[in-house]
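[1] Attaching a predicted model along with its sequence, questions to come.
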Amino acid sequence: MVSQALDAREAVQIVERLAQAKSRQDVAATMAVYHPDAVLESPSLGSHYAGAEVEGAITGWFAFAPDYEVRLDGHGLDDETLCCWGEIAFTPAFTFNGAVPNGNRVSVPVFILFRFLDGRVSWESFHFDVAGVARQCGVDASALVRAS
C-alpha cells in the first residue's frame, strides 16, 4: 500500500476524527476513518491487524477499554508519516491471562504514527507504556499482552 502525502492540516483533521470516534467507542465511525486495506499495529502489545481484521481489533479494544479516551497534544509531519503524541486513559475490563485488574482508571503517555490513502488512515502504529498501565491496574505487564 502506497501512502498519500497530505498537508499537516488535512492529516491532523483525519486523525482528530479518529480520536473522537475512538473516545466515543464508536466502531462504525472509527472504521469510516480507516482505509479498507488499513494496517493497525501496536508493537507495545505485539499485535498486527490488516484489512478486515482491523474492525475486530477495534471491537476487542473497546471491550478491553470500555471507557477509552485519547487526547492528542501535538503532532509532527515528516513526508508521509504523521506522529501524534498525547495521553490515553481507560479502565481495563480484563486481562488476557485471567489476572483481575484492580478497577482503577489508568492514564499513560501515547505516541501514534499514521499514514494515509484516499483521505483515510492506511497505517497506524500505536505505542504506549504497557508496564505503566500494568502498575496502575495492579497486574503484571505480561497479563496485558496476548501470547503469540
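    That came through, no problem.
[2] By residue count, which helix of this protein is the longest?
    helix 8-23 (DSSP state H).
[3] Can you point out the buried residues in it?
    By neighbour count on 16 or more other C-beta atoms under 10 Å, the buried set for helix 8-23 is Ala11, Val12, Ile14, Val15, Arg17, Leu18, Ala19, Ala21, Lys22, Ser23. (Glycine included, C-beta is placed from N, CA and C.)
[4] And for stretch 130-140?
    Buried-residue list, stretch 130-140, by 16+ other C-beta under 10 Å: Val130, Val133, Ala134, Gln136, Cys137, Val139.
[5] Distance from that stretch to the middle of the chain?
    17 Å (C-alpha atoms, centre = their mean, to the nearest Å).
[6] what's the span of stretch 119-135 from first residue to last?
    Stretch 119-135 has an end-to-end distance of 38 Å (C-alpha to C-alpha, to the nearest Å).
[7] Begin at 3 from now on, thanks
    Yep, numbering from 3; the last one is stretch 121-137 now.
[8] who's the residue nearest the centre of the chain bridged to?
    By C-alpha atoms, centre = their mean, the chain has its centre lying nearest to Phe128, at 4.9 Å. Legend: beta-bridge partners of Phe128 under DSSP bridges are Ile114.
[9] Would you confirm that it contacts Ser46?
    Yes: using C-beta atoms under 8 Å, Phe128 makes contact with Ser46 at a distance of 7.3 Å.
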